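Participant: Could you work out the structure for the sequence below:
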Amino acid sequence: MTLPLPLAAIALAAAQPLPAALPAHAPIAVPTAMLGQAPPATPAPVQSPAPPESAPLSAPASGTAPEAAPPPPAAVVAASQDDEIVVVARGKPPPGDPLQALNAESFKVVQAVDTALVAPIAYGYKKALPKPVRQGLHNVLQNLSEPIVFVNDLLQLHPGRAIKTLGRFVINSTVGVAGLFDLAKKKPFNLPYHVNGFGYTLGYYGVGPGPFLFLPLIGATSLRDVTGRVLDLSLVPAFVGKPFNNPYFSTGKGIIDSLDDRLYYDDLLLTIREDCPDPYAAERTWYLETRKAEIEALHNRTYDLNAKLPACLTEGMKARADARARAEAAKTPAANQAPVETPVQPATEPAPQPAPAVPQAAPAPQPAPASKADPVPVPPPVTANQPAPQPAMAATM
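Facilitator: Numbers count the residues shown, from 1 in each chain. Purely as a prediction, here's the structure:
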């Protein structure tokens with residue numbers, strides 16, 4: 001999950017200072033007694049008496065200092081307040097993440113700031129603005145990215161895709177009221193949005209991702225993708241100018257874009273934090289494999305992304321999507337649900353027998369009370385004009 005620049009900068013400036021985290025590569029000097037070793041004994045003078053019986057059995061011979069135990073391989077030992085040994089290092093970094101120790105510490109800081117500040121702001125934004133308003137702002141931001149998509153479609157030698165992107169931009173910018181309504185994806189146009197950028201173009205032509213990075217103000221990225229992101233953000237301001245090169249406009253756009261992304265990736269972030277035993281490794285795998293799948297799709301090649309992701313991600317996301325769908329179904333009014341037919345229980349009492357004929361004039365017959373076996377007229381079910389509820393999406397951030 002990438003924490004976009006403008007909102008992350010505001011979050012880090014307003015957040016309370018976090019406690020200094022222990023770098024994974026900086027071991028703390030731990031007393032040897034805490035590691036279960038006897039302290040080195042000082043050679044005694046010749047005239048000194050023999051050591052008492054309570055002396056440790058592992059005391060070295062006279063005049064010989066014990067050899068220092070080698071540090072544990074691929075681990076750093078630190079002492080906690082409870083005098084416990086805690087392993088805080090991750091061992092040898094994988095080939096694609098040479099800066100693992102630094103990235104892991106940056107990941108911790110970003111997650112702490114997100115939990116304390118960014119997520120509450122995003123949830124408040126969701127609660128304050130109705131969904132149609134938020135969807136309209138999302139459409140506007142998406143429409144502003146169409147020039148970047150168009151240029152990279154051309155750079156990847158996909159003229160048909162570029163024409164569709166240009167058609168989307170023209171339709172939504174005019175009929176769609178400056179992109180407020182995404183009419184291009186509906187009938188009769190049927191032009192859905194697709195993501196693209198300079199990072200994808202570099203990957204399309206074989207440029208590898210380079211080292212994985214987790215930057216405090218950007219989030220999960222790579223050397224290739226952060227370079228492409230800088231070009232993406234510079235394209236429209238450089239060629240169009242005002243108001244896109246105005247810092248107030250770009251800051252406001254960045255904040256709304258950040259809140260929109262944070263809500264979209266909410267389920268993913270919760271799954272990484274709560275369901276995965278190593279959140280940092282899960283975040284790294286998700287980002288790198290997702291980008292690889294997207295670049296493979298540019299070549300029209302299939303890529304089994306679910307097989308590459310850890311089970312904690314695939315299963316956790318599915319469970320959250322199912323729970324969200326059930327919650328949305330529970331909120332559906334009763335008028336939108338199909339009527340439930342109640343089975344009619346058979347009567348247990350015998351049917352009433354007709355009265356014997358009486359020769360005298362009998363009074364006018366009164367209507368007999370309805371028995372339990374008499375059918376009760378049931379009014380036809382009332383159907384609502386609203387469509388059936390659709391399954392909710394995994395995360396709308």
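
Participant: Let me know the secondary structure of the residue nearest to residue 314 when sequence neighbours are not counted.
Facilitator: Spatial nearest neighbour of residue 314, excluding adjacent residues (Cβ to Cβ, 6 or more residues apart in numbering): residue 306 at 5.3 Å. Every residue, glycine included, has its C-beta placed from N, CA and C. Here residue 306 takes the helix state, with states given by DSSP: H, G, I helix; E, B strand; the rest coil.

Participant: what comes up buried for stretch 112-124?
Facilitator: For stretch 112-124, burial by neighbour count (16 or more other Cβ atoms under 10 Å) applies to 113, 114, 117, 118, 119, 121, 122.

Participant: Nearest to residue 191 among these?
Facilitator: residue 122 (29.5 Å; Cβ to Cβ).

Participant: Give me the below-cutoff pLDDT ranges for the stretch 51-200 of the chain.
Facilitator: Regions of the stretch 51-200 of the chain meeting the criterion pLDDT under 70 cover residues 51-89.

Participant: Quick one: residues contacting residue 143.
Facilitator: 168, 169, 172, 173, 176, 178, 179, 182 (Cβ atoms under 8 Å, 6 or more residues apart in numbering).

Participant: Please flag which of the residues you listed sit within helices.
Facilitator: Among these, the members falling in helices (DSSP state H) are 168, 169, 172, 173.

Participant: with the residues you listed in mind, which one is nearest to residue 252?
Facilitator: For the ones in helices among the contacts of residue 143, the nearest to residue 252 is residue 173 (19.5 Å; Cβ to Cβ).

Participant: tell me the phi and psi of the closest residue to that closest one other than its chain neighbours?
Facilitator: Counting by Cβ to Cβ, 6+ apart, residue 173 lies nearest to residue 179, which is 6.0 Å off, once chain neighbours are set aside. As for residue 179, its main-chain torsions (degrees, to the nearest 10) stand at phi 90, psi 0.

Participant: Against residue 257, how distant is residue 251?
Facilitator: Distance, residue 251 to residue 257, by Cβ to Cβ, to the nearest Å: 11 Å.

Participant: what about these two, which has more around it?
Facilitator: The neighbour comparison of residue 251 against residue 257 (other Cβ atoms under 10 Å) goes to residue 257, with 20 against 15.

Participant: The more buried one: which element?
Facilitator: helix 247-264 (DSSP states H and E).

Participant: what do you get for residue 151?
Facilitator: Assigned by DSSP H and E, residue 151 falls in helix 146-155.

Participant: Thanks a lot, catch you later.
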